[in-house]
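Undergrad: Task: produce atomic coordinates for the following.
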Amino acid sequence: MKNLIKSSTLITACFVSIIACSSDDSTTQEEEETVTELHAAFSAFNPEATTIYLDGSNVVIETTGLPNHETVYWGDGHPFYIEEPTVERTPSIMSSNNNAVTITVDATPNLTGNTVATQLNTIGIAVSGASIFNDQEGNGPLTQAAASLDWTGAHIGPGVYHYHLEPKAFTNDDDNLVGILLDGVFIYGRKCNATGTYPTDLDASGGHTTTTQYTSGEEEYHYHIINELYSNTGSYIAFTGPYQGY
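TA: Here you go, the predicted model:
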């Protein structure tokens with residue numbers, strides 16, 4: 001009889017424990033999925049190029065991919081066209097190239113899982129509306145295409161206009177917002193808004209947790225462009241990875 005009572009008590013405790021755990025998981029899941037407004041950082045994105053909206057627990061970013069700054073890649077006659085004699089311009093120009101990109105990211109990045117390597121093509125959207133790429137060009141290193149990068153570390157070819165390096169058009173050795181990556185984590189310039197200096201506690205992805213100019217005093221995990229010169233370009237890679245927010 002004593003054994004029966006002990007067994008019943010144990011079963012009841014386990015049942016209660018399962019209910020409690022189930023309730024906690026449900027609550028956590030519900031909290032993660034309940035997002036009612038866009039992050040304040042999205043206010044910095046170019047409204048002429050981007051349409052950004054919530055879709056459940058996701059954020060959808062639709063962009064024309066056409067940046068709001070000067071570059072040789074706009075092509076002769078465009079108001080944003082500038083001469084860049086040292087740039088070995090690729091054949092494509094933005095007026096004749098389809099740069100439109102749509103990405104969907106988690107409104108609340110999952111920072112509890114494994115890191116994920118970046119891939120070729122768009123790895124994020126910059127505040128200008130153009131794409132961000134990693135440190136690779138095709139199946140090789142970026143150095144093979146460095147001569148085609150414009151003054152702000154971007155080019156076309158193949159595909160959309162995109163930044164490989166620190167986009168000097170809107171962040172140049174400062175703490176400005178660069179954009180958002182595919183894992184839903186924002187990326188900033190080389191300096192930290194919380195300290196005004198280059199951060200010294202970055203992880204392998206160039207990320208750390210501090211306040212930013214968009215978090216109203218709350219700490220948040222985010223990336224920075226790492227303050228290390230890349231090869232002979234005299235500039236800094238925008239993002240090499242891996243992602244931390246999947």
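
Undergrad: Going by residue numbers, what spans are helices in this protein?
TA: Here the chain has its helices, by DSSP state H, at 2-33.

Undergrad: T200: how many residues sit nearby?
TA: 9 (other C-beta atoms under 10 Å). For every residue, glycine as well, the C-beta is placed using N, CA and C.

Undergrad: quick one, phi/psi of the closest residue to T171 other than its chain neighbours?
TA: Closest residue to T171 apart from its sequence neighbours, by C-beta to C-beta, 6 or more residues apart in numbering: G189 at 3.8 Å. The phi/psi pair for G189 (degrees, to the nearest 10) reads phi -70, psi -170.

Undergrad: okay but G189 is in contact with A169, surely?
TA: No - if you go by C-beta atoms under 8 Å, G189 and A169 don't touch, sitting 11.9 Å apart.

Undergrad: center of the chain - which residue?
TA: L181 (1.9 Å; C-alpha atoms, centre = their mean).

Undergrad: Quick one: residues contacting that residue.
TA: V105, I123, G124, I132, I187, Y223, F239, Y243, G245 (C-beta atoms under 8 Å, 6 or more residues apart in numbering).

Undergrad: For beta bridges, what are the partners of it?
TA: Counting by DSSP bridges, L181 is bridged to G124.

Undergrad: And for Q136, the neighbour number?
TA: 16.

Undergrad: what bridges to it?
TA: According to DSSP bridges, beta-bridge pairing links Q136 with P141.

Undergrad: doesn't T143 make contact with it?
TA: No - look at Q136 against T143 with C-beta under 8 Å: they stay out of range, at 10.5 Å.

Undergrad: Rank the helices and strands of the protein by mean pLDDT and give me the bottom one.
TA: Lowest on mean pLDDT, DSSP states H and E among the helices and strands of the chain sits helix 2-33, with a mean of 43.

Undergrad: before we move on, the earlier item: now that we have the contacts of L181, which of them are buried?
TA: With burial judged by 16 or more other C-beta atoms under 10 Å, the buried subset of the contacts of L181 is V105, I123, G124, I132, I187, Y223, F239, Y243, G245.

Undergrad: which residues sit in contact with the third one?
TA: Just to be clear, that refers to G124. G124 touches I103, S131, I132, G179, I180, L181, L182, I187, F239, counting by C-beta under 8 Å, 6+ apart.

Undergrad: ok, 6 Å please
TA: I132, G179, I180, L181, L182 (C-beta atoms under 6 Å, 6 or more residues apart in numbering).

Undergrad: ok, it to S131 distance?
TA: 7 Å (C-beta to C-beta, to the nearest Å).

Undergrad: now do the fifth one
TA: When distances are taken as C-beta to C-beta, I187 and S131 turn out to be 13 Å apart.

Undergrad: Over to the second one?
TA: Note on I123: its distance to S131, by C-beta to C-beta, is 8 Å.

Undergrad: ok now stretch 163-175, how far from the chain's centre?
TA: 14 Å (C-alpha atoms, centre = their mean, to the nearest Å).

Undergrad: same question, stretch 111-118
TA: 13 Å.

Undergrad: May I have that stretch exported as CSV, CA atoms only?
TA: Provided in CSV are the C-alpha atoms of stretch 111-118 (Å, rounded to 0.1, in the frame of the first residue of the first chain):
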residue,chain,number,x,y,z
LEU,A,111,20.1,33.6,-30.1
THR,A,112,19.9,30.2,-28.4
GLY,A,113,20.8,27.9,-31.3
ASN,A,114,23.8,27.0,-33.3
THR,A,115,25.7,29.6,-35.5
VAL,A,116,25.1,29.5,-39.2
ALA,A,117,27.5,30.3,-42.0
THR,A,118,26.7,33.1,-44.5
